[in-house]
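K.L.:
sharing a model that was predicted from the sequence below.
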Amino acid sequence: MVTATMTSKGQLTIPKEVRNKLHLRAGDRVAFEVHDDCEALLKPITKSVDEVFGSLRRPGQPHRSLKDMKRAVVKRMQECSL
């Protein structure tokens, strides 16, 4: 059994052995399932590329070219610096 110690702020470091077996990387999310107030199950929250493809585009939204996107970013940065 692999163990971890909780900090005073309630944080845990998932041991390297567990991270490797679950294929967890920095920024990954995990879910905890608590059973009968005495046991918890940690589950990685993973999504395939197919599951998230197109999630940022809203229906009816026009397609934008990379040039259009860069132009919009520059414009917004200029507005924020005023």
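P.N.:
Nice, thanks for sending it over. Small disclaimer: the values here were computed from a predicted structure and weren't measured. Numbers count the residues shown, from 1 in each chain.
K.L.:
what's around Arg42, how many residues?
P.N.:
Let me fix one detail, which is that residue 42 is Leu and not Arg. Counted with other C-beta atoms under 10 Å, residues neighbouring Leu42 total 13. The way it works is simple: take the backbone N, C-alpha and C, and place the C-beta from them, glycine included.
K.L.:
quick one: it from Ser8, how far?
P.N.:
In this view, Leu42 and Ser8 are 21 Å apart by C-beta to C-beta, to the nearest Å.
K.L.:
quickly list what Phe32 is bridged to.
P.N.:
Listed by DSSP bridges, the beta-bridge partners for Phe32 are Leu42.
K.L.:
which is the next helix or strand following the helix or strand of the chain with the lowest mean pLDDT?
P.N.:
Every helix and strand in the chain was compared by mean pLDDT, DSSP states H and E; the lowest is helix 49-52, with a mean of 66. The helix or strand immediately downstream of helix 49-52 is helix 66-80, counting by DSSP states H and E.
K.L.:
surely Pro44 is in a helix?
P.N.:
No. Pro44: not assigned to a helix; according to DSSP: H, G, I helix; E, B strand; the rest coil it is strand.
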